[in-house]
Structure formats: C-alpha cells, structure tokens
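**Q** test case, fold it:
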Amino acid sequence: MKKQYTVDEIVNKRYAVLLDREDESKKIDVALKDIPVRIKEGDIVNIEFEGKKVVFTEVDFEATKKAREEVQSLIDDLKNNSSKNLKL
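**A** So this is what the prediction gives:
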C-alpha cells in the first residue's frame with residue numbers, strides 16, 4: 001500500500017528522513033540508494049514498501065507545490081504581522 005511522506009531531511013547524501021503525512025510524529029529513515037527517483041527536502045513522495053524494501057516511489061509534484069505555497073504564505077503572514085507590530 002502506498003503512503004505519503006514528506007522528505008524532512010537528507011542526511012550526508014546517504015539517507016532521507018521521511019515524515020508520515022498522516023502522523024508527522026512518525027518518521028522513518030530510508031537509504032537514498034533504495035529510492036529510485038531524485039528527491040529533495042520538502043518534497044511530498046508516495047512510497048510503497050514490501051517489508052522494509054521500497055518497491056515504488058514517486059514525487060507528488062502537485063502536493064509538493066501546494067505545501068510549499070502554504071509554507072510561504074505562513075512566512076509572509078508572519079513577516080507582515082511582525083513588521084506591523086514594530087514601533088519606530
């Protein structure tokens with residue numbers, strides 16, 4: 001069964017730390033050599049495992065784009081609210 005993960009971190013160009021999109025307190029480490037597609041931090045990926053073996057991987061480009069836009073919107077809101085609260 002495919003599950004969706006966020007690529008939280010790439011460590012030493014050797015493995016990816018993946019956060020379960022349904023419960024981000026759950027994370028797994030997967031060797032990059034076992035992931036047949038190029039991934040980067042922040043990507044949303046669909047991965048299927050058989051046991052501990054990766055049998056399917058794809059980057060969900062639409063979900064990745066949406067997540068990045070949401071994060072950027074939050075950052076912009078924080079910047080705007082922060083600058084409004086500054087006293088000159």
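**Q** flag the shaky bits of this protein, pLDDT-wise.
**A** 83-88 (pLDDT under 70).
**Q** could you redo the last one with a cut-off of 90?
**A** With pLDDT under 90 as the threshold, the chain has low-confidence stretches at 1, 52, 77-88.
**Q** which parts of it are helices?
**A** When secondary structure is read from DSSP state H, the chain shows helices at 61-84.
**Q** and the longest strand for the chain?
**A** Longest strand in the chain by number of residues (criterion: DSSP state E): strand 2-11.
**Q** export that one to CSV, keeping only CA atoms.
**A** Listed in CSV are the C-alpha atoms of strand 2-11, where the atom choice follows Å, rounded to 0.1, in the frame of the first residue of the first chain:
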residue,chain,number,x,y,z
LYS,A,2,1.3,3.4,-1.0
LYS,A,3,1.7,6.0,1.8
GLN,A,4,2.5,9.6,1.5
TYR,A,5,5.6,11.1,3.2
THR,A,6,7.3,14.5,3.5
VAL,A,7,11.1,14.5,2.9
ASP,A,8,12.1,16.2,6.1
GLU,A,9,15.9,15.9,5.7
ILE,A,10,18.6,14.4,3.5
VAL,A,11,21.5,13.3,5.8
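**Q** so which elements touch that strand?
**A** Contact partners of strand 2-11 among helices and strands, from 3 or more Cβ pairs under 8 Å, 6 or more residues apart in numbering; DSSP states H and E: strand 15-20, strand 27-31, strand 44-50. Every C-beta, even on glycine, is put in place using the N, C-alpha and C of the backbone.
**Q** got the contact list for that strand?
**A** 16-22, 24, 27-29, 32, 39-49, 56, 60, 63, 67 (Cβ atoms under 8 Å, 6 or more residues apart in numbering).
**Q** chain center to that strand: distance?
**A** 5 Å (Cα atoms, centre = their mean, to the nearest Å).
**Q** done for today, thanks.
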